[in-house]
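Asker: quick one, structure for this:
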Amino acid sequence: MPEYITKEGMQRIRKRMQELIEERPHIMKQVVTAREMGDLSENAEYHAAREKQRNLENEYNYLKSRVAKLQVIDTDKISKDAVRFGAFVTIKEIATGNILKKRIVGVDEIFETNDGYERISLASPIGKAMIGKKVGDHFVVKAPIGDREFEILEIK
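Answerer: Numbers count the residues shown, from 1 in each chain. Down below sits the predicted model:
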(Lines give C-alpha, C1' and ligand atoms only; values in the text may rest on other atoms or scores of the structure.)
Protein backbone atom coordinates (compact mmCIF):
# COMPACT_ATOMS: atom_id res chain seq x y z
CA MET A 1 0.00 0.00 0.00
CA PRO A 2 1.47 3.38 -0.95
CA GLU A 3 2.26 5.90 1.72
CA TYR A 4 1.22 9.46 0.96
CA ILE A 5 2.70 12.84 1.72
CA THR A 6 1.74 16.37 0.73
CA LYS A 7 4.06 18.56 -1.35
CA GLU A 8 4.62 20.67 1.77
CA GLY A 9 5.58 17.60 3.79
CA MET A 10 8.05 16.39 1.15
CA GLN A 11 9.62 19.85 0.98
CA ARG A 12 10.14 19.76 4.76
CA ILE A 13 11.83 16.35 4.54
CA ARG A 14 14.08 17.42 1.66
CA LYS A 15 14.99 20.63 3.51
CA ARG A 16 15.94 18.63 6.60
CA MET A 17 18.05 16.28 4.47
CA GLN A 18 19.88 19.30 3.00
CA GLU A 19 20.50 20.67 6.52
CA LEU A 20 22.02 17.33 7.51
CA ILE A 21 24.26 17.31 4.42
CA GLU A 22 25.46 20.81 5.28
CA GLU A 23 26.11 19.80 8.91
CA ARG A 24 28.26 16.76 7.95
CA PRO A 25 31.56 18.63 7.36
CA HIS A 26 31.29 20.42 10.72
CA ILE A 27 30.78 17.15 12.58
CA MET A 28 33.59 15.46 10.64
CA LYS A 29 35.87 18.35 11.69
CA GLN A 30 34.84 17.79 15.32
CA VAL A 31 35.70 14.09 15.01
CA VAL A 32 39.12 14.83 13.50
CA THR A 33 39.89 17.52 16.08
CA ALA A 34 38.87 15.26 18.96
CA ARG A 35 40.88 12.34 17.52
CA GLU A 36 44.00 14.53 17.55
CA MET A 37 43.62 15.01 21.33
CA GLY A 38 45.17 11.64 22.01
CA ASP A 39 44.07 8.36 23.59
CA LEU A 40 40.72 7.50 22.04
CA SER A 41 39.70 5.07 24.80
CA GLU A 42 39.39 7.91 27.31
CA ASN A 43 38.60 10.77 24.93
CA ALA A 44 35.06 11.96 25.76
CA GLU A 45 35.10 14.63 23.04
CA TYR A 46 35.90 12.00 20.42
CA HIS A 47 33.12 9.66 21.57
CA ALA A 48 30.63 12.55 21.70
CA ALA A 49 31.59 13.68 18.18
CA ARG A 50 31.29 10.11 16.84
CA GLU A 51 27.87 9.76 18.49
CA LYS A 52 26.77 13.01 16.89
CA GLN A 53 28.04 11.77 13.53
CA ARG A 54 26.22 8.45 13.95
CA ASN A 55 22.96 10.22 14.84
CA LEU A 56 23.24 12.51 11.83
CA GLU A 57 23.88 9.60 9.45
CA ASN A 58 21.03 7.56 10.96
CA GLU A 59 18.58 10.44 10.57
CA TYR A 60 19.72 11.14 7.00
CA ASN A 61 19.45 7.48 6.00
CA TYR A 62 16.01 7.18 7.60
CA LEU A 63 14.74 10.26 5.73
CA LYS A 64 16.29 9.00 2.48
CA SER A 65 14.50 5.65 2.84
CA ARG A 66 11.19 7.42 3.63
CA VAL A 67 11.49 9.65 0.55
CA ALA A 68 11.90 6.53 -1.61
CA LYS A 69 8.66 5.03 -0.24
CA LEU A 70 6.46 8.12 -0.22
CA GLN A 71 4.08 9.20 -2.96
CA VAL A 72 3.55 12.96 -3.19
CA ILE A 73 -0.09 13.94 -3.60
CA ASP A 74 -1.04 17.34 -5.04
CA THR A 75 -3.86 18.19 -2.66
CA ASP A 76 -4.91 21.16 -4.80
CA LYS A 77 -6.22 18.71 -7.40
CA ILE A 78 -8.28 16.64 -4.95
CA SER A 79 -12.03 17.22 -4.85
CA LYS A 80 -13.32 18.95 -1.73
CA ASP A 81 -16.77 17.28 -1.88
CA ALA A 82 -15.69 14.75 0.77
CA VAL A 83 -12.86 14.31 3.27
CA ARG A 84 -9.78 13.11 1.43
CA PHE A 85 -6.03 13.07 2.01
CA GLY A 86 -4.76 16.63 2.50
CA ALA A 87 -8.18 18.08 3.37
CA PHE A 88 -8.63 20.83 5.92
CA VAL A 89 -11.65 19.73 7.95
CA THR A 90 -13.68 21.50 10.63
CA ILE A 91 -15.58 19.10 12.88
CA LYS A 92 -17.79 19.36 15.93
CA GLU A 93 -17.76 16.86 18.78
CA ILE A 94 -21.42 16.14 19.42
CA ALA A 95 -21.17 15.47 23.19
CA THR A 96 -19.25 18.65 24.04
CA GLY A 97 -19.99 20.99 21.15
CA ASN A 98 -16.23 21.60 20.78
CA ILE A 99 -15.19 22.75 17.31
CA LEU A 100 -11.93 21.18 16.08
CA LYS A 101 -9.87 21.91 12.98
CA LYS A 102 -7.88 19.03 11.50
CA ARG A 103 -5.80 18.43 8.40
CA ILE A 104 -5.47 14.87 7.10
CA VAL A 105 -1.81 14.20 6.25
CA GLY A 106 0.72 11.38 6.09
CA VAL A 107 2.46 9.94 9.14
CA ASP A 108 5.65 11.90 8.30
CA GLU A 109 3.86 15.26 8.50
CA ILE A 110 2.69 15.58 12.08
CA PHE A 111 4.19 18.94 13.02
CA GLU A 112 3.14 22.25 14.57
CA THR A 113 1.75 24.92 12.26
CA ASN A 114 0.35 28.41 12.56
CA ASP A 115 -2.71 27.86 10.37
CA GLY A 116 -5.00 26.73 13.20
CA TYR A 117 -5.34 23.16 11.91
CA GLU A 118 -3.97 20.22 13.88
CA ARG A 119 -2.17 17.74 11.62
CA ILE A 120 -3.53 14.22 12.02
CA SER A 121 -2.40 11.12 10.22
CA LEU A 122 -4.51 9.40 7.62
CA ALA A 123 -3.70 6.24 9.61
CA SER A 124 -5.02 7.60 12.93
CA PRO A 125 -8.42 6.45 14.22
CA ILE A 126 -9.99 9.86 13.65
CA GLY A 127 -8.32 10.21 10.25
CA LYS A 128 -9.60 6.81 9.12
CA ALA A 129 -13.10 7.57 10.41
CA MET A 130 -13.32 10.88 8.52
CA ILE A 131 -12.22 9.66 5.09
CA GLY A 132 -15.04 9.80 2.54
CA LYS A 133 -17.41 11.73 4.80
CA LYS A 134 -19.22 14.82 3.50
CA VAL A 135 -20.36 18.03 5.15
CA GLY A 136 -23.20 17.19 7.53
CA ASP A 137 -22.14 13.55 7.94
CA HIS A 138 -21.58 12.13 11.42
CA PHE A 139 -18.84 9.65 12.29
CA VAL A 140 -17.80 7.76 15.41
CA VAL A 141 -14.29 7.25 16.72
CA LYS A 142 -13.64 4.43 19.19
CA ALA A 143 -11.55 5.83 22.04
CA PRO A 144 -10.37 4.40 25.39
CA ILE A 145 -12.86 6.69 27.13
CA GLY A 146 -15.65 5.41 24.90
CA ASP A 147 -17.10 6.22 21.51
CA ARG A 148 -16.84 9.85 20.42
CA GLU A 149 -19.24 11.17 17.79
CA PHE A 150 -18.39 14.04 15.45
CA GLU A 151 -20.06 15.99 12.66
CA ILE A 152 -18.28 17.33 9.56
CA LEU A 153 -18.92 21.08 9.38
CA GLU A 154 -16.55 22.18 6.61
CA ILE A 155 -14.07 20.73 4.11
CA LYS A 156 -11.44 22.90 2.42
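Asker: per-residue confidence for the spatially most central residue of the chain?
Answerer: In the chain, the centroid-proximal residue (C-alpha atoms, centre = their mean) is Glu109; its distance is 2.0 Å. The model reports Glu109 with a pLDDT of 94.
Asker: what's the neighbour count on the nearest residue to it once chain neighbours are set aside?
Answerer: Nearest residue to Glu109, sequence neighbours excluded (C-beta to C-beta, 6 or more residues apart in numbering): Gly9, at 3.8 Å. In short, each C-beta sits where N, CA and C put it, glycine included. By other C-beta atoms under 10 Å, the residues close to Gly9 number 22.
Asker: just for the chain, where's the confidence low?
Answerer: Along the chain, the model assigns pLDDT under 70 to residues 1.
Asker: now the strands for it?
Answerer: Counting by DSSP state E, the chain has strands at residues 3-6, 70-73, 88-93, 99-105, 118-121, 138-143, 146-155.
Asker: quick one, domains of this protein?
Answerer: Domain ranges of the chain: 3-73, 75-155, per automatic domain parsing.
Asker: how long is the shortest one end to end?
Answerer: Yep, that's domain 3-73 we're talking about. Counting by C-alpha to C-alpha, to the nearest Å, you get 10 Å between the two ends of domain 3-73.
Asker: residues contacting Arg12?
Answerer: Counting by C-beta atoms under 8 Å, 6 or more residues apart in numbering, Arg12 touches Glu109, Phe111.
Asker: Arg35 - nearest residue in space that isn't next to it in sequence?
Answerer: Closest to Arg35 by C-beta to C-beta, 6+ apart is Tyr46, at 5.6 Å.
Asker: that neighbour and Met37 touch, don't they?
Answerer: Yes. Using C-beta atoms under 8 Å, Tyr46 makes contact with Met37 at a distance of 6.9 Å.
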